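# coordinates only, sequence not included:
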């Protein structure tokens, strides 16, 4: 992750395509390898990178859209996960991408990744779901009520400016406070797991986040009563989660692994939501690399062994 001198993450270059339903922002990183579509979670946008190192190291091309309401993507492009999944499929067609090796759904981007795999099985070969929201209602009622106020389009800019100010002046205390919301345990445990490099990455990332209209839309779309696409997914899926995730409870991963017909659940030793900074991150990356190398057309689930 590139970091500016002010401690924020430098946005990677993005493009904006105008569609009949509105603007869609995306980042396209072509390489020699097949394409991975990455759908990030709340407060993220196409210009920010998280958990993508494993794909770059293996030579995959990356297509990273900003989900509705985040960055320069309009809500009108597809506020519901299935509608935005269709928009991503159209984007792939416009870019000449007829198949993607995997769709990676992160946190609140998980439901869109699942919908993309279910609705466009000829496009998506497999799923990687990390700390992903599953078929359960998300988040809890208290968080939903608070989130509608704190991260509303009117207030989110001030909230993130204050966050950046605190991280600049009291980085350790601010990071401890923010990470406390992402773990079921103690924020000290999360901090203890972070190396100096990863602390810098976490601070830069948290200093660069914005909610736009996206997070309030997530709260509206991912609650109870939404349509579930999991059982229509025919592709293999790798579900990665921490039992100590305080943002997306571990039960979401369990439900995903049970509902997706060809899923394998992998426990991360991370002390919270950010599985990319856990002590077993190298093991997790090796499992992802092996999963991507497996034959996606064979029946049954993934066997967890390198190909």
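Now that the structure is in, tell me what you want to look at. Values in this document were obtained by computation on a predicted structure and should not be read as measured data.

# enumerate the positions of the helix-or-strand element of the chain with minimal mean pLDDT that are buried.
None of the helices or strands of the chain scores lower by mean pLDDT, DSSP states H and E than helix 187-193, at a mean of 90. For helix 187-193, burial by neighbour count (16 or more other C-beta atoms under 10 Å) applies to 187, 190, 191, 193. Where C-beta positions appear, they are placed from N, C-alpha and C, glycine not excepted.

# so residue 135 is in contact with residue 255, correct?
Yes: assessed by C-beta atoms under 8 Å, residue 135 is found in contact with residue 255 at 5.3 Å.

# can you pull the poorly scored residue ranges out of this protein?
Where the chain drops to pLDDT under 70, the residues are 1-9, 297-307.

# walk me through the domains of it.
For the chain, automatic domain parsing gives the domain ranges 15-137+225-293, 141-215.

# need the winner for burial among the ones you listed.
Among the domains of the chain, domain 15-137+225-293 has the highest mean neighbour count (mean count of other C-beta atoms under 10 Å), at a mean of 21.

# so the closest residue to residue 31 other than its chain neighbours versus residue 215, what's the distance?
In space, and not counting its chain neighbours, residue 31 is closest to residue 61: 4.7 Å by C-beta to C-beta, 6 or more residues apart in numbering. Residue 61 sits 28 Å away from residue 215, going by C-beta to C-beta, to the nearest Å.

# can you give me the strands in the chain?
For the chain, applying DSSP state E gives strands covering 15-19, 22-29, 35-39, 61-65, 102-106, 127-130, 237-242, 263-268.

# elements contacting the first one?
The reference is to strand 15-19. For strand 15-19, the packing partners by 3 or more C-beta pairs under 8 Å, 6 or more residues apart in numbering; DSSP states H and E come out as strand 22-29, helix 81-94.

# which residues are contacting it?
For strand 15-19, the external contacting residues (C-beta atoms under 8 Å, 6 or more residues apart in numbering) are 23, 24, 25, 26, 27, 28, 72, 77, 87, 90, 91, 94.

# and the third one, by the same measure?
Contacts of strand 35-39 with the rest of the structure, by C-beta under 8 Å, 6+ apart, involve 51-52, 55, 60-65, 67, 88, 92, 97, 99-106, 109-110, 112-113, 116, 124.

# same question, the shortest one
Taking C-beta under 8 Å, 6+ apart as the criterion, the residues outside strand 127-130 that touch it are 51, 102-107, 110, 113-114, 117, 233, 235-241, 253, 256, 260, 275-276, 288, 291-292.

# same deal with the last one?
Under the criterion C-beta under 8 Å, 6+ apart, residues 236-243, 253-254, 256-257, 275, 278, 280, 284, 287, 291, 301-302, 304 lie in contact with strand 263-268.

# try it again at 10 Å.
Taking contacts as C-beta atoms under 10 Å, 6 or more residues apart in numbering, the residues outside strand 263-268 that touch it are 127, 129-131, 230, 233, 235-245, 250, 253-254, 256-258, 274-281, 283-284, 287-288, 291, 301-304.

# what's the angle between it and strand 237-242?
20 degrees (axes from the mean of the first three to the mean of the last three C-alpha atoms, to 10 degrees).

# strand 263-268: partners in the sheet, and parallel or antiparallel?
If you go by DSSP bridges, strand 263-268 pairs up with strand 237-242 (parallel).

# and the partner strand, how far out from the chain middle?
Relative to the centre of its chain, strand 237-242 is centred 12 Å away, using C-alpha atoms, centre = their mean, to the nearest Å.

# tell me the angle that strand makes with strand 102-106.
Going by the same axes, to 10 degrees, strand 237-242 makes 20 degrees with strand 102-106.
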